[in-house]
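In: From the sequence below, what's the structure:
(one chain, ligands or ions: 1)
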Amino acid sequence: MECHDYKLTRTMERENLNLNPLQRAGLLTPEAREALFEFGDGYSVCDYCAGRLDEVNKPGIEMFLEDLAKFIDADYVRTTHGAREGKYTVINKICEPGDTIVVDGNAHYTSYLAAERAGVNVIKVPNSGDSRAEITMDAYRETLENAIDEVGEIKLALLTHVDGDYGNLTDAKGFGKLCKKLGVISLLNSAYGMGRLPIKANEWDIDFVVGSGHKSMSASGPIGVLGIKEEFAEDMLARSKTHTNKEVELLGCTSRGAPIVTLMASFPAVVERVNRWDEELALTRKFVDNLTEIEGITQIGVTPTEHDLVRFDTPILNEIAKKHPRKGFYLYEELKNKHIVGIKRGQTEWFKCSTYGMTESQRDYIANAFKEIVEKYKD
Ligand SMILES: Cc1ncc(COP(=O)(O)O)c(C=O)c1O
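Out: Alright, predicted model coming up:
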């Protein structure tokens, strides 16, 4: 049989300034690139299998998980195949089909799919309904209390720590305390938080927290992190009756090979960069200020932004598209000529982007590039 050409290159996306918020904090560190080469083979981490992935000592997965638990202030940590698998594992274990859970209105689609797959109903906490699209703890409390009154028992509540539409940072500590007070188990989806900003699961009274290695921890995908509070560990990490060393909910072993070793190799750099989150945020805010100096570009979501993922309304770029011979494609093409990628082709009404990890001068260069494009084409 003759195989197709699978086009396995992405030089443009890799070598240019990439604004795609999904990808910025998943860029590999140099250490991870080396580890990828060393451990790229399928079951490479199983040379010295100790019976289960989290017990492997060469490479030092067991020690790494101890460090990771400390890093996010959780009692136990396991890796999963992604944040979504972590959410599903928790919902599926804690709830019975037909149960109802409460989820914030800015939740990622994978939170809904995880709930659907586990057979549970979802009650949504509305966001503020204005351009801030904010999830407040007052709104969460009201919805959760009403849900308890209406449904009876609510076993689980999920909060998106940072949502993928607006980059709004929610009050994880307030959420943990609220759930504890109301006797509801809490699940924090920190796919866009863990690896960028500090996580204090126990301090915040969070029962379960999930993270995403390929999104926010400079790891090759797919890999996620699941932090577990002590009181749930026995249940969550229960062993198989037939294969007594294997944990049932994790199907024995989760993400192996390149995903876990790149996560491990990047970890020291990730620990270090989380300490510098305030600097990162200051640089993002400066970038937002520069971009919104352009008339016809405004930031949507909570302002000033509390995260590097930022959403903009861009009517000026859309006005230009209406008259430009290349229509909506002009923006992508102009940016590409300036070595900037990551904004969807044809999209001009709004966009979201991230400059996470870029130098100040790279961020200034990008803001200026937008200014030049608008100057070139506006009436
Ligand atoms: C808020 C949020 N949660 C979860 C996910 C999914 O993460 P993963 O790919 O690790 O399952 C995403 C991905 O975009 C996201 O934005």
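In: Got the phi and psi for Gly211?
Out: Note on Gly211: its backbone torsions stand at phi -130, psi 170 [degrees, to the nearest 10].
In: Give me the nearest residue to it, chain neighbours excluded.
Out: In space, Gly211 comes closest to Met194 once its chain neighbours are excluded; the distance is 3.1 Å by Cβ to Cβ, 6 or more residues apart in numbering. For the C-beta atoms, the positions are set from N, CA and C on the backbone; glycine is no exception.
In: so how far is the ligand from that neighbour?
Out: Distance from Met194 to the ligand, counting by Cβ to the nearest ligand atom, to the nearest Å: 10 Å.
In: and that residue, backbone torsions?
Out: When quoted as degrees, to the nearest 10, the phi and psi of Met194 stand at phi -60, psi 120.
In: and whatever residue of the stretch 201-350 of the chain ends up closest to the ligand, what does it touch?
Out: Closest contact between the stretch 201-350 of the chain and the ligand, by Cβ to the nearest ligand atom, is at Ser212 (3.2 Å). Counting by Cβ atoms under 8 Å, 6 or more residues apart in numbering, Ser212 touches 82-83, 191-192, 194-195, 223-225.
In: In a markdown table: those, plus neighbour count.
Out: Listed next are the contacts of Ser212 as a markdown table, based on neighbours: other Cβ atoms under 10 Å:
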| residue | neighbour count |
| --- | --- |
| Gly82 | 25 |
| Ala83 | 30 |
| Ala191 | 30 |
| Tyr192 | 29 |
| Met194 | 32 |
| Gly195 | 28 |
| Ile223 | 28 |
| Gly224 | 30 |
| Val225 | 31 |
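In: What about those, which are in helices?
Out: Of the contacts of Ser212, the ones assigned to helices by DSSP state H are Ala83.
In: Show me the two of the contacts of Ser212 that sit farthest apart.
Out: Spatial extent of the contacts of Ser212 (Cβ to Cβ) is set by the pair Tyr192 and Ile223 at 15.4 Å.
In: and the closest residue to Pro198 other than its chain neighbours, how many residues sit next to it?
Out: Spatial nearest neighbour of Pro198, excluding adjacent residues (Cβ to Cβ, 6+ apart): Val274 at 5.8 Å. Neighbour count for Val274, taken as other Cβ atoms under 10 Å: 20.
In: Just the element for Val274, please.
Out: Using DSSP states H and E, the element containing Val274 is helix 258-275.
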